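Peer 1: sequence unavailable; structure follows:
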């Protein structure tokens, strides 16, 4: 099998990304010629005082948005779901194990260094071997990466992976100069140069006048302000102090839609969140307890009452219903007090009392969803004590530290999703779950080049998680952003909100 990026047709791209679960029915085309200039003011949730611009440490959206404004990646996923070259101009493989990447020439870092293959090797090696990177489990699939010359990189995988190039679209995979370590002063080849960064407070960026993408990076300056409070963000947008906000509160969705000066940007089903039952702690290490928690979750009430119908039901595995790999044969988990009590009794319990740690760091509605869970689960013999934690520090102080917590995940290619969240030993295996059969099937699925066979294997993985997995996944939620009408070029994305994090280099101001 030969795969050459520059020779793939659009149909081939769409087939590839549809298999990765990234293709959604968008269609907002640019209707005007982009205008250069102006200050773009972005008010964002998703930042905290412990944020670093070291790509290995990226966990929150403020980090990601700054990262892809300052740096480029080897590949990019466009709003319509297509995988397209970025710093890797083309790539080729005949066996899905050995890959040759041609690196774009004529690209310069902000510090004046010309991009070459050694920069790529260094940047990817940040996530391999002895590292704290959240993407370690993805890039440890590489057995060797080396420069074949100034602009060619050779990658050898430990086992075949037909969708390997999608790995380079992971938001950790920023390309920086070889040897670079001054992370709070991040340097890249991107459309914007970092001027200042105050973690959890503010960042400013200025346009890179030498940017190699002539059709991107339109605004002259960016002022990004961290506002984790949803009311404050909306007030900033309404007053004109901000041009765009993320994570619009669903309660005000109709209000914003009626405001002729504002527009809602909706990305369907682009995120799922989880209630995580830790596999290494009591009482959630017991699968009957986890099954009771699944049947004690009224996901339809959550979708109707809190999400205002802006999403679809989940079935306790991370593959969305609009994904080509989705296993539609599994019986949908619904609230069933009798089944929940049955599993509690199998676990030797008449009643379950459990602390549920939650925070709007995971999703703006996370606390409200946790409270609906609490109110409905009582009828199933489950007494949940909702403990709200502040957004600042949640990912470092609570996530992966407590037996039952809330988390959220963006859509990723299926093999990445399974590997990162559920693969044994993954740095981001948030539940510490380990299942030998799951790991074996996942390796087989990655190595399978035939789509139908791979779909069958990935369907089995979904069944294992549905029946034994650590996650209660009630809903795949739509992302909601809002913009001033003067902001143009802002398209929804199946990757994440804010145009798949790439809003800064895509938008322009019509004023």
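Peer 2: Happy to help now that I have it. These figures come from a predicted structure and were not determined experimentally.
Peer 1: which residues in the stretch 51-200 of the chain form helices?
Peer 2: Using DSSP state H, counting those that start in this stretch, the helices found in the stretch 51-200 of the chain span residues 61-70, 117-125, 136-139.
Peer 1: name the residues of the longest one that are buried.
Peer 2: By 16 or more other CB atoms under 10 Å, the buried positions in helix 61-70 come out as 61, 62, 63, 64, 65, 66, 67, 68, 69, 70. For glycine as for every other residue, the C-beta is placed from the backbone atoms N, C-alpha and C.
Peer 1: which single one of those residues is nearest to residue 341?
Peer 2: In terms of CB to CB, no member of the buried residues of helix 61-70 lies closer to residue 341 than residue 61, at 39.4 Å.
Peer 1: which helix runs longest in this structure?
Peer 2: The residue-count maximum for a helix in the chain (DSSP state H) belongs to helix 451-468.
Peer 1: so where is the stretch 1-150 of the chain shaky, pLDDT-wise?
Peer 2: 1-31 (pLDDT under 70).
Peer 1: who touches the nearest residue to residue 125 once chain neighbours are set aside in this structure?
Peer 2: Counting by CB to CB, 6 or more residues apart in numbering, residue 145 is the residue found nearest to residue 125 once chain neighbours are left out, at 6.8 Å. Residues near residue 145 by CB atoms under 8 Å, 6 or more residues apart in numbering: 121, 124, 125, 128, 153, 154, 155, 156.
Peer 1: so can I have a markdown table of these showing distance to residue 189 and neighbour count?
Peer 2: Converted to a markdown table, those look like this (distance: CB to CB, whole Å; neighbours: other CB atoms under 10 Å):
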| residue | distance to residue 189 | neighbour count |
| --- | --- | --- |
| 121 | 15 | 16 |
| 124 | 15 | 21 |
| 125 | 18 | 14 |
| 128 | 21 | 17 |
| 153 | 15 | 24 |
| 154 | 21 | 16 |
| 155 | 20 | 24 |
| 156 | 25 | 12 |
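Peer 1: so residue 428 versus residue 470, what's the distance?
Peer 2: Taking CB to CB, to the nearest Å as the measure, residue 428 and residue 470 are separated by 13 Å.
Peer 1: so which of these two has more stuff around it?
Peer 2: Using other CB atoms under 10 Å, the more surrounded residue of residue 428 and residue 470 is residue 470, with 27 against 20.
Peer 1: skipping adjacent residues, who's closest to the more buried one in space?
Peer 2: Among residues not flanking residue 470 along the chain, residue 431 sits closest, at 3.5 Å (CB to CB, 6+ apart).
Peer 1: against residue 502, how distant is that neighbour?
Peer 2: As judged by CB to CB, residue 431 and residue 502 stand 30 Å apart.
Peer 1: same question for residue 288.
Peer 2: Distance from residue 288 to residue 502, by CB to CB: 44 Å.
Peer 1: more neighbours: the two, which one.
Peer 2: For residue 288 versus residue 502, the count of surrounding residues by other CB under 10 Å is larger for residue 502: 24 against 16.
Peer 1: the strand ranked longest in the chain pairs with which strands?
Peer 2: Determined from DSSP state E, the single longest strand within the chain is strand 262-277. Strand pairing for strand 262-277, using DSSP bridges, gives strand 404-410 (antiparallel), strand 471-472 (antiparallel), strand 475-484 (antiparallel).
Peer 1: out of the ones you listed, deepest packed?
Peer 2: strand 471-472 (a mean of 26; mean count of other CB atoms under 10 Å).
Peer 1: residue 323: how many residues sit nearby?
Peer 2: Residues lying near residue 323 (other CB under 10 Å) number 25.
Peer 1: give me the local confidence score for it.
Peer 2: Residue 323 carries a pLDDT value of 84.
Peer 1: so it touches residue 414, yeah?
Peer 2: Yes - counting by CB atoms under 8 Å, residue 414 is a contact partner of residue 323 at 7.0 Å.
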